[in-house]
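K.L.:
need a 3D model of the sequence below.
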Amino acid sequence: MVINLSKGGNISLAKAAPSLSHARVGLGWDARSTDGAPFDLDASAFLCGADGRAISDAHFVFYNQTQDAAGSVVHLGDNRTGAGDGDDESIDVFLDQVPAEVETIAIVVSIDQAVERRQNFGMVSNAYVRLFDADNESDATTILFELNEDASTEAAIHFADLYRRNGEWKFRAVGQGWADAVDLAAVLGKFGLVAG
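P.N.:
Take a look at the predicted model:
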């Protein structure tokens, strides 16, 4: 079963997938025709406290730091082209291992070298984020959010949040772009971190 979310929509994982403990967040996209320059989108996860900021540098998961210190959020590898069918990048979340101080796991996708290559999400089609049970994909409920075209000038998009309220995990479709987040360093700043 697929549950489609629209921008701003959220769903309780306890209700949609009550046995879920090993969630996989799959992200996909297709590059439209470009000038031939590589088109590399990168998925990242920010493990945030109550203030909405990443708790520390160790709470930022991306292609060069593939898991947090607790091993609760794991990036499964960098796809540099977006070629092929299915998810282009995936992030696993072991819900029962996420440290108690983490209230939100923000899922962000940014375009590598967007300024130099003059690229933005207007050049991307079929972008989506989906969440499903990684241990039971064939029978699992899939929660899907497809990004529409309203982020055409941005180079980074806050796709979705996995967040905890009153001990219950929920999933929210965010779909918020940042015109001033032109690279990963600028995205880090949005979550209170500094590129080093």
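
K.L.:
would you mind measuring from the residue positioned nearest the centre of the chain to residue 114?
P.N.:
Nearest to the geometric centre of the chain sits residue 107, at 2.7 Å (CA atoms, centre = their mean). Residue 107 sits 18 Å away from residue 114, taking CB to CB, to the nearest Å as the criterion. C-beta here means a position set from N, CA and C on the backbone, and glycine is covered the same way.

K.L.:
residue ranges of the strands in this structure, please?
P.N.:
Here the chain has its strands, by DSSP state E, at 2-5, 10-12, 22-31, 41-48, 60-61, 73-75, 89-94, 104-111, 124-133, 142-146, 156-165, 168-177.

K.L.:
by mean pLDDT, flag the weakest helix or strand of the chain.
P.N.:
Counting by mean pLDDT, DSSP states H and E, the chain has its least confident helix or strand at helix 114-117, which shows a mean of 82.

K.L.:
give the contact list for residue 106.
P.N.:
Residue 106 makes contacts with 45-46, 48, 158, 160-161, 174, 191, as judged by CB atoms under 8 Å, 6 or more residues apart in numbering.

K.L.:
show me which pair in these is furthest apart.
P.N.:
160 and 191 (14.4 Å; CB to CB).

K.L.:
more neighbours, these two?
P.N.:
Taking neighbours as other CB atoms under 10 Å, residue 160 and residue 191 compare with residue 160 leading, 27 against 19.

K.L.:
tell me the mean pLDDT for the longest helix out of those in the chain?
P.N.:
For the chain, the longest helix by residue count, based on DSSP state H, is helix 184-190. Average pLDDT, helix 184-190: 85.

K.L.:
and it, what does it pack against?
P.N.:
For helix 184-190, the packing partners by 3 or more CB pairs under 8 Å, 6 or more residues apart in numbering; DSSP states H and E come out as strand 41-48, strand 104-111, strand 156-165.

K.L.:
which parts of that helix are buried?
P.N.:
Across helix 184-190, burial judged by 16 or more other CB atoms under 10 Å covers 184, 186-188, 190.
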